[in-house]
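Participant: Quick one, structure for this:
(one chain, ligands or ions: 1)
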Amino acid sequence: MIRIAAALTIALFAGTASAQSERGLDIYFIDADGGAATLIVTPERESILIDSGWPGHDDRDPKRIVHVLKDVAKLERLDHLVTTHWHTDHYGGVEGLSKLVTIGKFWDRGLPGIDGPASEYPDGPKADDPLGIAYRKASEGKRKALGANDSITLKGNLKAIVMASGTEVRKIPKRRPANPLCAEATMHPDDPSDNARSLAIKFSLGSFDFLDCGDLTWNIEKDLVCPFDRVGQVDLYQVTHHGLDSSNNSVLVKTIKPTVAIMNNGSKKGGSPATVKMLRSIPSIKAAYQLHKNAKTGPEDNTDPALIANADPKGGQFIHVSVTPDGKSYTVQIGEDGEKKSFASN
Ligand SMILES: [Zn+2]
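Facilitator: I've put the predicted structure just below:
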């Protein structure tokens with residue numbers, strides 16, 4: 001009898017272990033109405049949030065993040081918070097979030113006075129900035145600045161490599177072949193803001209690759225792929241800077257050849273007609289999703305209504321990408337009940 005019970009225990013334990021080992025990678029694009037909040041949950045159930053949305057609105061964005069983390073992904077804590085740059089729509093939610101959930105580690109592009117002189121941080125956060133004070137307090141003793149080429153150490157097989165930080169792009173030890181698309185590259189006037197200094201991070205699981213460039217702007221996007229490609233092909237592209245056309249350099253997007261693009265625009269922010277047009281012109285893109293219908297433009301300047309998560313400006317619906325444990329394929333779904341579209345990784 002004891003022997004049977006022991007065998008059953010082992011069988012049950014083995015069953016649990018194999019169910020856990022079969023988990024894949026989940027990426028949730030959480031609606032922050034023109035802010036950024038992308039939650040990644042690794043096969044080992046480690047959680048990484050890239051940007052924390054806006055402050056205010058009764059902590060709307062922190063509450064939406066915690067809803068997805070706890071109620072959808074069934075996790076109790078946030079292991080990593082990455083802040084791509086120092087703009088309110090990317091780190092404003094930290095104060096509210098830190099009250100609602102335990103945050104393990106903080107990663108950012110550096111803080112003025114700690115990681116470099118104030119001149120390298122044109123948009124702060126200054127010492128008297130309430131959001132900056134809240135960030136410094138929440139992250140004290142738990143934060144690390146990331147430079148280009150650094151990586152975030154994670155359990156398991158998911159890799160997270162920094163492609164750009166503080167206007168520097170990733171250095172490749174061996175020069176790669178010249179990128180012929182650079183012949184058509186154009187330049188914009190220099191961007192003195194923190195957008196140009198955004199972190200850009202590539203996440204890879206097997207053959208699946210996801211690129212999140214925060215709000216990186218045109219000229220640094222070009223540097224990522226010119227004179228040679230430092231990024232490589234990606235499957236999933238977070239449309240940079242909420243879809244504004246001061247970002248989303250077509251030379252970058254053509255070079256990295258994404259299959260799926262997801263834009264974290266708001267009802268009245270981002271989603272520039274020029275960006276929507278550019279995405280339509282990229283042959284590799286099979287589906288371009290938007291978090292919001294752009295209320296300022298017509299149907300011709302929005303994507304297919306079936307690929308828009310929030311037709312109602314009040315929003316709140318997320319987009320979920322679910323990658324198989326081997327990284328060979330993935331599905332994209334609006335919310336928990338939307339139609340799943342399947343794609344093979346490149
Ligand atoms: Zn932004």
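Participant: For stretch 99-111, which residues meet the burial criterion?
Facilitator: Going by neighbour count (16 or more other CB atoms under 10 Å), the buried part of stretch 99-111 is 100-101, 103, 105-111. (C-beta placed from N, C-alpha, C; glycine too.)
Participant: Enumerate the residues of the stretch 201-346 of the chain near the ion.
Facilitator: Taking CB under 5 Å from the ion as the measure of proximity, the stretch 201-346 of the chain contacts the ion at residue 215.
Participant: and residue 99, that's in a helix?
Facilitator: Yes. With DSSP: H, G, I helix; E, B strand; the rest coil as the criterion, residue 99 is located in a helix.
Participant: can you give me the helices in the stretch 51-200 of the chain?
Facilitator: Secondary structure of the stretch 51-200 of the chain (DSSP state H, counting those that start in this stretch): helices at 60-66, 88-91, 94-100, 130-139.
Participant: of the ones you listed, which approaches residue 170 most closely?
Facilitator: Comparing the helices of the stretch 51-200 of the chain against residue 170 with CB to CB, the closest turns out to be helix 88-91 (20.8 Å).
Participant: pull the helix or strand with minimum mean pLDDT from the protein.
Facilitator: Ranked by mean pLDDT, DSSP states H and E, the weakest helix or strand in the chain is helix 2-21, scoring a mean of 47.
Participant: about what we covered before: looking at the helices of the stretch 51-200 of the chain, which is buried most?
Facilitator: Neighbour counts averaged per stretch over the helices of the stretch 51-200 of the chain are highest for helix 88-91, at a mean of 24; criterion: mean count of other CB atoms under 10 Å.
Participant: which residues are contacting it?
Facilitator: Around helix 88-91, the neighbours that count as contacts under CB atoms under 8 Å, 6 or more residues apart in numbering are 32, 34-36, 51-55, 83-84, 108, 125, 131, 135, 214-215.
Participant: Just the local confidence number for the residue in the stretch 51-200 of the chain positioned nearest to the ion, please.
Facilitator: Among all residues of the stretch 51-200 of the chain, residue 89 sits closest to the ion, at 4.3 Å; criterion: CB to the ion. Here the pLDDT value assigned to residue 89 is 98.
Participant: Distance to residue 149 for the helices of the stretch 51-200 of the chain - can I get that in a markdown table?
Facilitator: Putting the helices of the stretch 51-200 of the chain into a markdown table (distance: least, CB to CB, whole Å) gives the following:
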| stretch | distance to residue 149 |
| --- | --- |
| helix 60-66 | 28 |
| helix 88-91 | 22 |
| helix 94-100 | 26 |
| helix 130-139 | 22 |
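Participant: Would you list the buried entries among the contacts of helix 88-91?
Facilitator: 32, 34-36, 51-55, 83-84, 108, 125, 131, 135, 214-215.
Participant: can you give me the strands in the stretch 101-250 of the chain?
Facilitator: 103-108, 143-145, 159-165, 168-169, 200-205, 208-212, 236-239 (DSSP state E, counting those that start in this stretch).
Participant: For the fourth one, name the packing helices and strands.
Facilitator: Looking back up the chat, that one is strand 168-169. Packing partners of strand 168-169 (3 or more CB pairs under 8 Å, 6 or more residues apart in numbering; DSSP states H and E): helix 218-225.
Participant: which of the residues in the helix it packs on are buried?
Facilitator: Of the residues in helix 218-225, 218-225 count as buried by neighbour count, 16+ other CB under 10 Å.
Participant: ok, now stretch 65-78?
Facilitator: Taking 16+ other CB under 10 Å as the basis for neighbour counts, the residues of stretch 65-78 that come out buried are 65-66, 68-69, 72-73, 75, 78.
Participant: Could you pull up the mean pLDDT of that stretch?
Facilitator: Across stretch 65-78, pLDDT averages out at 98.
Participant: Could you check how far the nearest residue to residue 50 once chain neighbours are set aside is from the ion?
Facilitator: In this structure, residue 50 finds its nearest non-sequential neighbour in residue 38, 4.4 Å apart by CB to CB, 6 or more residues apart in numbering. Look at residue 38 and the ion: by CB to the ion, to the nearest Å, they are 12 Å apart.
Participant: Which residues are in contact with residue 38?
Facilitator: Residues near residue 38 by CB under 8 Å, 6+ apart: 27-30, 49-51, 212, 238, 264.
Participant: Cross-reference those residues with the strands and report the matches.
Facilitator: Cross-referencing these with the strands (criterion: DSSP state E) gives 27-29, 49-50, 212, 238 as the overlap.
Participant: my read: residue 237 touches residue 258, true?
Facilitator: Yes. With contacts defined as CB atoms under 8 Å, residue 237 counts as touching residue 258 at a distance of 3.6 Å.
Participant: Tell me who's in contact with residue 120.
Facilitator: For residue 120, the contact set (CB under 8 Å, 6+ apart) comprises 110, 112, 166, 197.
Participant: Residue 127 now?
Facilitator: Under the criterion of CB under 8 Å, 6+ apart, the neighbours of residue 127 are 113, 133.
Participant: Grab the nearest non-local neighbour of residue 339.
Facilitator: In space, not counting the residues next to it along the chain, residue 339 is nearest to residue 333; the distance is 7.0 Å by CB to CB, 6+ apart.
Participant: how close does that neighbour get to residue 24?
Facilitator: The gap separating residue 333 from residue 24 is 13 Å, by CB to CB, to the nearest Å.
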